[in-house]
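>>> my questions are about this predicted structure, shown below with the sequence.
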Amino acid sequence: MMTYKEILEQLNVRANCKKYGLGMWRCPQFLFLVMGGAIIATAIITYVLGTRYVADPDTVSLIVLVTTLILFVLTFSITRSLEGLAEANRLKSEFISIVSHQLRAPLSNLKWALEILISGRFGKISGKPVDYLQILEDNTKRMGELVASLLIVSRIEQGRFPLHKAAFPLIDLIKEAVAEFKPIASASNIDIVLEAPKSDLPLAFGDSAQLKIVVENFIDNAVRYTKGSGKVAVSIAPKNGGLLFSCKDGGVGIPKEDQRHIFQKFFRSSNVLKYQTQGSGLGLYIAKSIIEKSGGKIGFKSEQDKGSTFWFTIPTKK
Amino acid sequence: MVYHTNKKVNNFMSKKILFVEDEAALQKTLGDVLEQEGYKVINTLDGEAGLKAAKAEIPDLILLDLILPKMHGFEVLKSLKGDAATKDIPIIVLTNLESMGDIEKALELGATTYLVKASYTLEEVVSKIKKALGE
């Protein structure tokens, strides 16, 4: 049995919808209220119609009662099942949040312990063991990055993802990212070229730390999914009073049937799975959330085996 | 006594660092490195013991985690800054909480520096400690 307090809590529709992280029109409690209104309206209409066309008042009341009851039972069972889904979704977000937070402490411990071993502070290590320590360090770093992505996802889902917006030169951030990826790219014979206009570009307005994540994600994907040698063209240009960033590769591309899922969380295209087992399917989901929160647009053009171009726009300082 | 000291380096001249952290592995890694750097490290595993040790030992610097058993790091911070004997000790908050709210609160309460464990290497943490000690 629900206690008095629980019933009151259930009645606070706004709080419940917020808890599930759903908009009003997708929130079970709110829909239940709306349906309640609809049922009352139906009852009144049935009553009006009944008194006009059916002579016997008892029959009219019976019709009204039965219609209302059927509608009520239907509404109740539908919203109940919706509520179950919303609750499952909330628990899943919470699970991701707890897991990613809990993984951080042991990962920090591992990272620092490995750093000490590799630094040779407490005794020099040489030969094969160095290689194995390096493997441990690389994989700890990978896990750390994955956990960081999961944390961002859980913040986005729980609506706790504030952007700290300010004016900044996007071109500098792009240059940094290109320089960062150059060594890895050239090791796989991939050339990263930056195309930018000679004239000064306006300052972008957004959260530079978050936009860096997006730029790096685009370049990382372009390099990762270019097979054999190739070129990745990164460009920035003014567009419609904002800035347009794009990243073009001649890589494996995205099959047509996968294109509409590409920004979904945990989605990975079917053709990349055979080239690259690594990757969480979180990068583009995070990128989309960041760009949309920054007031920009994000999109891509892609053809399988020909390559992809990913782009985003970002407002400039007015 | 609730806390213990590592006795490898016990030079009277060396500076004292109080490390309040419930992760034993972290106390070992950072503690060993700091001792090698010539500091005397006092380790405590919870907020209450940390506060007690700070008042008894008056260290030159305090490394403070936020999520601690018995007493939250913010309370330890508030209590240290409210006591004339300990209010001038520089405090470095070393934690995995990274929301702007937590960072602002810690700095408002008087922390010298705020470091997120996941974002720093051990070497970087050591150099921040040296900087806070004015070295």
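Looks like it came in fine.
>>> remind me which residues of the stretch 101-250 of chain A are low pLDDT?
Regions of the stretch 101-250 of chain A meeting the criterion pLDDT under 70 are absent.
>>> just give the nearest non-adjacent residue to the residue most central in space within chain B, would you?
For chain B, residue B:63 is the residue whose C-alpha lies nearest the centre (C-alpha atoms, centre = their mean; 1.2 Å). Leaving aside its sequence neighbours, residue B:63 sits nearest to residue B:19 (C-beta to C-beta, 6 or more residues apart in numbering or on different chains; 4.7 Å). Glycine gets a C-beta too; all of them are placed from N, C-alpha and C.
>>> number of nearby residues for the one you found?
Close neighbours of residue B:19, defined as other C-beta atoms under 10 Å in any protein chain shown, add up to 27.
>>> that one pairs with what?
Following DSSP bridges, residue B:19 is listed with bridge partners residue B:43, residue B:63.
>>> so where do the strands sit in chain B?
All strands of chain B, identified by DSSP state E, fall at B:4-5, B:16-20, B:40-44, B:61-64, B:91-95, B:113-116.
>>> hmm, back to that, do I have it right that the residue nearest to residue B:63 meets residue B:41?
Yes. Counting by C-beta atoms under 8 Å, residue B:19 touches residue B:41, with 5.8 Å between them.
>>> longest helix of chain B?
Scanning chain B for the helix with the most residues, using DSSP state H, yields helix B:24-36.
>>> other SSEs contacting it?
helix A:57-119, strand B:16-20, strand B:40-44, helix B:122-132 (3 or more C-beta pairs under 8 Å, 6 or more residues apart in numbering or on different chains; DSSP states H and E).
>>> so what pLDDT did residue A:5 get?
On pLDDT, residue A:5 comes in at 71.
>>> host element of it?
helix A:4-11 (DSSP states H and E).
>>> which strands or helices does the helix or strand following that helix pack on?
Later in the chain than helix A:4-11, the nearest helix or strand by DSSP H and E is helix A:13-20. Where contact means 3+ C-beta pairs under 8 Å, 6+ apart, helix A:13-20 is packed against helix A:4-11, helix A:28-53, helix A:57-119.
>>> and whichever helix or strand comes after the longest one, does that touch chain B?
Taking DSSP H and E as the definition, the helix or strand that follows helix A:57-119 towards the C-terminus is helix A:128-157. Yes. Using C-beta under 8 Å from any C-beta of the partner chain, helix A:128-157 reaches chain B at A:144, A:148.
>>> now for the spatially closest residue to residue A:104 that is not a sequence neighbour: which residues touch it?
Leaving aside its chain neighbours, residue A:104 sits nearest to residue B:96 (4.8 Å; criterion: C-beta to C-beta, 6+ apart). Going by C-beta atoms under 8 Å, 6 or more residues apart in numbering or on different chains, residue B:96 touches A:101, A:104, A:105, A:108, B:67, B:116, B:117, B:118.
>>> quick one: which two of those residues are the most distant?
The most widely separated members of these, counting by C-beta to C-beta, are B:67 and B:118 (13.8 Å).
>>> could I get the CA-only coordinates of the longest helix of chain B as PDB?
Only the C-alpha atoms of helix B:24-36 are listed here, as PDB (Å, rounded to 0.1, in the frame of the first residue of the first chain):
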ATOM      1  CA  ALA B  24      45.600   3.200   1.000                       C
ATOM      2  CA  ALA B  25      47.100   2.700  -2.500                       C
ATOM      3  CA  LEU B  26      47.200   6.400  -3.100                       C
ATOM      4  CA  GLN B  27      48.800   7.100   0.300                       C
ATOM      5  CA  LYS B  28      51.500   4.600  -0.600                       C
ATOM      6  CA  THR B  29      52.300   5.900  -4.100                       C
ATOM      7  CA  LEU B  30      52.200   9.700  -3.400                       C
ATOM      8  CA  GLY B  31      53.500   9.200   0.100                       C
ATOM      9  CA  ASP B  32      56.600   7.200  -1.100                       C
ATOM     10  CA  VAL B  33      57.300   9.800  -3.800                       C
ATOM     11  CA  LEU B  34      57.000  12.700  -1.300                       C
ATOM     12  CA  GLU B  35      59.300  11.000   1.200                       C
ATOM     13  CA  GLN B  36      61.900  10.500  -1.600                       C
END
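>>> now find how far off-centre it is within its chain.
12 Å (C-alpha atoms, centre = their mean, to the nearest Å).
>>> what's in contact with that helix?
So helix B:24-36 is contacted by A:108-109, A:112-113, A:116, A:121-122, B:6, B:8-9, B:17, B:19, B:21, B:41, B:43, B:45, B:63, B:117, B:122, B:125-126, B:129 (C-beta under 8 Å, 6+ apart).
>>> buried only: go through those residues for me.
Neighbour-count burial (16 or more other C-beta atoms under 10 Å in any protein chain shown) applied to those gives A:108-109, A:112-113, A:116, B:6, B:17, B:19, B:21, B:41, B:43, B:45, B:63, B:117, B:122, B:125-126, B:129.
>>> excluding chain neighbours, what is closest to residue 113?
Just going to use chain A. Residue A:113's closest residue in space is residue B:29 (C-beta to C-beta, 6+ apart), at 5.4 Å.
>>> not what I meant, chain B
The shortest distance from residue B:113 to any non-neighbouring residue, by C-beta to C-beta, 6+ apart, is to residue B:92 (4.7 Å).
>>> the one you found - how many residues pack around it?
Residue B:92: 22 surrounding residues under other C-beta under 10 Å.
>>> then the one 5 residues further on?
By other C-beta under 10 Å, 19 other residues sit near residue B:97.
>>> same question for residue A:131.
9.
>>> next: the one 5 residues further on.
By the criterion of other C-beta under 10 Å, residue A:136 has 16 neighbours.
>>> for the most centrally placed residue in chain A, what are its contacts?
Taking C-alpha atoms, centre = their mean as the criterion, residue A:285 is the residue nearest the geometric centre of chain A, at 3.4 Å. By C-beta under 8 Å, 6+ apart, residue A:285 lies in contact with A:153, A:263, A:264, A:265, A:266, A:267.
>>> how about the residues of chain B that lie near chain A?
Residues of chain B lying near chain A (C-beta under 8 Å from any C-beta): B:23, B:25-26, B:29-30, B:32-33, B:36, B:96, B:99-100, B:117-118, B:121-123.
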